[in-house]
Each structure stands twice: as structure tokens, then as C-alpha cells.
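Asks: Sequence below, structure please.
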Amino acid sequence: MPQITLDYSANITNLDTTTILNQTHQLLASIADISSCKSRSIRQTDFLIGEGGANQAYIYLQVALLAQPDRTDKVKETLANNLISMLQKHAASIESKQDLHTQISVQITDLPQHYYKG
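Replies: Numbers count the residues shown, from 1 in each chain. Modelled structure (predicted):
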């Protein structure tokens, strides 16, 4: 039951969020049950990066997973690196069309086993 949040700056005008979320699901499928995966994207209109340059943009992907003993830090690091690579391809496409410098970050979070859902 992973929870995925894709957060990005509003100055990115052509981000294909549906494809990014689908690709994230595909990458997650090898380490988690995605049958109840919940994903969302949020376009942030109020943001500040560095000193506020208009050509600064960001893409931030958070993946929250129920903690599993067999999901080691190495497994999560590999997932994060694969997600970063995927996002870098999307950023390169954006930057070729817009005068932007896009900062990318990925956070993998373990939810404790006592996480409750309804």
C-alpha cells in the first residue's frame, strides 16, 4: 500500500505527471505490492528555490512504504537511484523546451507496521 506524492514547481508547464506516476508504480512493483498504491501529483504555485531565480524549478518524489524486514537500505537506495534516473529523463525533456534548471530529489520513507488505514 505505498503512498506516492509527486510535488513539482508550477513553472514546469509540461510535466507528464501521469507517465511519471505510472513509471513509479512499475519500478515499485519489484519490491512492494502496488495493488492498493495511492499516488498523487501536486503542482506548487507558491515556492522559492535558492535566491528566487525564475529559471529554478524542482521535482520532488516521496514514496512511503510499510516497513518490511527484507527491504534493506540497499534495496531502497537502488529504488531511489532508479527513480532519480527516470525523473532526470523527464527533466531533460522539460529543460530542452523551457529555460529551467530543475532540481530533483527522491525520498523513500518507511511507515511503521502500526500504520493504520481504513
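Asks: what residue ranges in this protein score low on pLDDT?
Replies: For the chain, the stretches with pLDDT under 70 are 115-118.
Asks: ok, now which ones touch P2?
Replies: Counting by CB atoms under 8 Å, 6 or more residues apart in numbering, P2 makes contact with L28, A32, I34, C37, K38, V63, A64, L65. Using the backbone N, CA and C atoms, a C-beta is placed for each residue, glycine as well.
Asks: what about the second one, how many neighbours?
Replies: Read it as A32. 18 (other CB atoms under 10 Å).
Asks: Next one: it relative to S39, how far apart?
Replies: Distance from A32 to S39, counting by CB to CB, to the nearest Å: 13 Å.
Asks: does I94 sit in a helix, a strand or a coil?
Replies: Here I94 is helix, with the state taken from DSSP: H, G, I helix; E, B strand; the rest coil.
Asks: For it, give me its contacts.
Replies: By CB under 8 Å, 6+ apart, the contact list for I94 reads I12, N14, L15, A57, L100, T102.
Asks: Give the ChimeraX command for selecting the buried subset of the residues you listed.
Replies: Restricted to buried positions by 16 or more other CB atoms under 10 Å, the ChimeraX selection for the contacts of I94 reads:
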select :12,15,57,100,102
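Asks: Adding distance to Q23 and secondary structure, write the contacts of I94 out as TSV.
Replies: What follows is the contacts of I94, written out as TSV (distance: CB to CB, whole Å; DSSP: H, G, I helix; E, B strand; the rest coil):
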residue	distance to Q23	secondary structure
I12	17	coil
N14	16	coil
L15	13	coil
A57	19	strand
L100	21	coil
T102	17	strand
